[in-house]
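>>> What follows is a predicted protein model with its sequence.
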Amino acid sequence: MKSKTSKAVVLVVLALLLVVLVARLASRPRPQVAPAPAKVTPQPDQSVPQPAQTTPQPAETTQQEAKAVPQPAGRTLIEFDITQDKNIISLATFSEPPQFAIWLEDPDTHKYKTIFVAYRSGTGDMVGKAECPGCLPLWFEIYERETGKKGYPKPDDPAPAAVTGATPQDENFKITREIERGSKCICWIEMNLAGDFNADHQEFNAEKKTVDDDFSGQPALVYRCEIEAIPGNKYVPQLFGQVVMNKPLEEMIQPVTSDITSAKEVFKSIQIRITESEPNQPK
């Protein structure tokens, strides 16, 4: 009986302790939880100027930057500067400047392009005769191959005006033509001074009983040089040979013989320069 009473007392005490503990927990203040902020789309501050929404534009080129922009290259030109000896010319029978022609040859295809030919040879307008095959015999053959025409240029069928020029009367002669940049070619110049006779090349040779009906005098001479069309390059064509008529084209140029005298001095100097014109210059 005593043991049952003791258990009852213990249970009552535990119950009282549990009530006291629950009362204390209930009396404590609960923490306040702040509500989550609502999502708000940010708006630009109206007091600060906002950049305009435009398509990005390339920055302007300054004057210093403009100098670094590559400029288009000008036209590549070939200049011929020839000085004639007027004293030798004055001693010839006609005292008329020499006939000469300038042409370019492609070393691979062997196609020809005439750059210049003096008036009488380019038009066939000879003095006192219809034709003068000994004037520039090599160029006449070149002209046939270049144009496909037969025979020499004639007054009614002259060489193109673009290449035919007045026979130079002044001591200094200069022409300029356009050329393909970087191209390689062979430059030829043929020259003959009519009436430039000497002891071996006479108008009438009594010993050989020959007559120079064409008044060619000493045979035409040929100058030659190889060219690469790069601006700044300079060339001096050298005497390459003399022209012998009545032979195939490939055999017409022969070594200069010892009987050629004053003809070698008609051209005092020949200079060729490759230059570049300013961009946007008219042709």
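Arrived safely, thanks for sending.
>>> ok, now how distant is the spatially most central residue of the chain from residue 277?
Nearest to the geometric centre of the chain sits residue 181, at 2.8 Å (CA atoms, centre = their mean). Counting by CB to CB, to the nearest Å, the separation of residue 181 from residue 277 is 11 Å. For glycine as for every other residue, the C-beta is placed from the backbone atoms N, C-alpha and C.
>>> what do you get for residue 80?
16 Å.
>>> out of these two, which sits in the more crowded spot?
For residue 80 versus residue 277, neighbours defined as other CB atoms under 10 Å are more numerous around residue 80 (20 against 16).
>>> give the contact list for the more buried one.
102, 115, 116, 173, 174, 175, 176, 270, 271, 272 (CB atoms under 8 Å, 6 or more residues apart in numbering).
>>> 6 Å instead?
Going by CB atoms under 6 Å, 6 or more residues apart in numbering, residue 80 touches 175, 272.
>>> what ranges do the strands span in this protein?
76-84, 99-105, 112-118, 164-165, 172-178, 184-192, 204-205, 210-211, 221-228, 234-235, 238-243, 253-254, 267-276 (DSSP state E).
>>> Please produce CSV containing those strands, extended by distance to residue 125 and mean pLDDT.
Supplementary listing: the strands of the chain in CSV, determined by distance: least, CB to CB, whole Å; pLDDT from 0 to 100:
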stretch, distance to residue 125, mean pLDDT
strand 76-84, 21, 98
strand 99-105, 11, 97
strand 112-118, 11, 97
strand 164-165, 10, 93
strand 172-178, 19, 96
strand 184-192, 16, 98
strand 204-205, 26, 80
strand 210-211, 23, 77
strand 221-228, 23, 98
strand 234-235, 32, 98
strand 238-243, 21, 98
strand 253-254, 27, 98
strand 267-276, 23, 97
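>>> Pick the most buried one from these.
strand 99-105 (a mean of 23; mean count of other CB atoms under 10 Å).
>>> Tell me what angle that strand forms with strand 172-178.
If you take axes from the mean of the first three to the mean of the last three CA atoms, to 10 degrees, strand 99-105 sits at 30 degrees to strand 172-178.
>>> in its sheet, what does strand 99-105 sit against?
According to DSSP bridges, strand 99-105 forms sheet pairs with strand 112-118 (antiparallel), strand 184-192 (antiparallel).
>>> any chance of those strands in JSON lines, plus distance to residue 152?
JSON lines is the format used below for the strands paired with strand 99-105 (distance: least, CB to CB, whole Å):
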{"stretch": "strand 112-118", "distance to residue 152": "11"}
{"stretch": "strand 184-192", "distance to residue 152": "14"}
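>>> Select, out of these, the one closest to residue 225.
Ranking those by their distance to residue 225 (criterion: CB to CB) puts strand 184-192 first, at 5.3 Å.
>>> quick one, the closest one and strand 267-276 angle?
Going by the same axes, to 10 degrees, strand 184-192 makes 150 degrees with strand 267-276.
>>> Could you export strand 184-192 as PDB, keeping only the C-alpha atoms?
This file holds the C-alpha atoms of strand 184-192, laid out as PDB (Å, rounded to 0.1, in the frame of the first residue of the first chain):
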ATOM      1  CA  LYS A 184      59.000  42.200-117.900                       C
ATOM      2  CA  CYS A 185      59.900  43.000-121.500                       C
ATOM      3  CA  ILE A 186      62.700  43.600-124.000                       C
ATOM      4  CA  CYS A 187      62.900  47.200-125.300                       C
ATOM      5  CA  TRP A 188      64.200  47.700-128.800                       C
ATOM      6  CA  ILE A 189      65.100  50.900-130.600                       C
ATOM      7  CA  GLU A 190      66.000  51.100-134.300                       C
ATOM      8  CA  MET A 191      67.500  54.200-135.700                       C
ATOM      9  CA  ASN A 192      68.600  55.300-139.200                       C
END
